[in-house]
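sharing a model prediction with you, sequence too.
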Amino acid sequence: MKFNASTDIGKVKENNEDNLLTISNDSISLFAVADGMGGHDFGEEASLIAITFIENNYNDFLNSKNIKKDIHKMFLSINQLIFKTGVSRNIQNGMGTTLTLAVIIDKVLYVGHIGDSRCYIINNVITQLTKDHSYVEQLIDKGMITKSQAKTHPKKNIITRALGTMKNIEVDIIEHQLQDSDLIMLCTDGLSNLLDDNEMKEIIKTTDLLENANGKMVKLANSRGGFDNITVIIVKNN
């Protein structure tokens with residue numbers, strides 16, 4: 001299994017509130033992206049709490065025959081930790097983070113997801129496995145705006161689900177059987193807001209090295225304004 005991960009502060013923000021994780025060994029491959037939110041440095045801290053928790057505890061959680069249930073329990077634990085941290089420090093606007101986690105075991109991909117970071121499968125086509133938990137996605141579902149209009153909607157940054165902002169959360173858990181030709185991509189909205197799906201697919205499919213594909217996508221996002229932090233992980237399954 002080959003993979004490459006990149007994170008970039010972008011052109012506007014003063015700090016990088018994104019965090020990522022890559023783990024690959026004989027028993028498991030695990031990848032995660034988190035995009036924090038909150039005033040001051042609280043977003044950066046929230047995403048770091050999520051990623052650090054996974055890195056330190058994944059062996060304790062992902063140890064049963066029901067990986068989807070294990071991932072759900074891990075998300076609940078992370079949510080509780082971030083929520084309690086915010087309450088204990090009297091952070092009025094809360095601190096929170098998106099989290100998209102991909103676990104690969106025996107050619108089966110398990111995804112845990114909350115927020116508007118994304119997981120894609122790329123082969124001859126590009127397929128978004130995750131669904132954005134955002135205000136504009138709700139408008140799309142109701143037929144009120146198109147996906148193209150969502151890109152420039154004034155409320156496109158409002159997300160409807162996140163870790164740490166509420167005591168109780170709902171987590172999406174996805175299971176997907178991988179094919180040898182599949183590429184897996186995780187990214188934060190700093191990338192997906194500035195590149196459309198087909199642009200990302202073409203760059204990845206026509207670039208030999210994963211690190212070069214990542215570099216091209218980050219460079220293109222920054223050339224279009226780099227309004228947010230940009231994080232991307234590409235995994236080659238075979």
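On my side now, so go ahead. Residues are numbered from 1 along each chain as shown.

for the nearest residue to I158 once chain neighbours are set aside, phi and psi?
Once flanking residues are discounted, I158 sits nearest to Y135: 4.0 Å by C-beta to C-beta, 6 or more residues apart in numbering. Every C-beta, even on glycine, is put in place using the N, C-alpha and C of the backbone. Note on Y135: backbone dihedrals following degrees, to the nearest 10 are phi -60, psi -40.

is Y135 in contact with P154, as I believe?
No - using C-beta atoms under 8 Å, Y135 makes no contact with P154, being 10.1 Å away.

within its sheet, name the partner strands of the lengthiest strand in the chain and how each one runs.
The longest strand of the chain (DSSP state E) is strand 29-37. Strand pairing for strand 29-37, determined by DSSP bridges: strand 18-24 (antiparallel), strand 96-97 (antiparallel), strand 99-105 (antiparallel).

now render those strands as TSV, adding mean neighbour count, distance to M37 and mean pLDDT.
As requested, these are exported to TSV (neighbours: other C-beta atoms under 10 Å; distance: least, C-beta to C-beta, whole Å; pLDDT from 0 to 100):
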stretch	mean neighbour count	distance to M37	mean pLDDT
strand 18-24	20	11	97
strand 96-97	32	5	95
strand 99-105	24	12	97
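
select, out of those strands, the one closest to I233.
strand 18-24 (6.2 Å; C-beta to C-beta).

other residues contacting that closest one?
1, 3, 5, 7, 29-36, 44, 47-48, 50-51, 54-55, 58, 186, 188, 190, 229-231, 233 (C-beta atoms under 8 Å, 6 or more residues apart in numbering).

again, only this time at 6 Å
1, 3, 5, 7, 30-35, 47-48, 51, 54-55, 188, 229, 231 (C-beta atoms under 6 Å, 6 or more residues apart in numbering).

sorry, back to before: more neighbours, Y135 and P154?
Higher neighbour count among Y135 and P154: Y135, with 17 against 7, using other C-beta atoms under 10 Å.

next one: the more buried one from G10, what distance?
22 Å (C-beta to C-beta, to the nearest Å).

equivalent analysis for I140, please.
For I140, the distance to G10 - C-beta to C-beta - is 25 Å.

that older thread, pull the helix or strand following the longest strand of the chain out as CSV, backbone CA atoms only.
Next along the chain after strand 29-37, taking DSSP states H and E as the criterion, comes helix 42-61. C-alpha atoms of helix 42-61 as CSV (Å, rounded to 0.1, in the frame of the first residue of the first chain):
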residue,chain,number,x,y,z
PHE,A,42,-9.5,26.5,19.6
GLY,A,43,-10.1,24.9,16.2
GLU,A,44,-6.5,23.9,15.8
GLU,A,45,-6.6,22.4,19.3
ALA,A,46,-9.9,20.5,18.7
SER,A,47,-8.6,18.9,15.5
LEU,A,48,-5.3,18.0,17.2
ILE,A,49,-7.3,16.4,20.1
ALA,A,50,-9.2,14.2,17.7
ILE,A,51,-6.1,13.1,15.7
THR,A,52,-4.0,12.5,18.8
PHE,A,53,-6.8,10.4,20.4
ILE,A,54,-7.0,8.2,17.4
GLU,A,55,-3.2,7.8,17.2
ASN,A,56,-2.9,6.9,20.9
ASN,A,57,-6.0,4.7,21.2
TYR,A,58,-6.9,3.1,17.9
ASN,A,59,-5.6,-0.3,19.0
ASP,A,60,-7.9,-0.3,22.0
PHE,A,61,-11.0,0.5,19.9
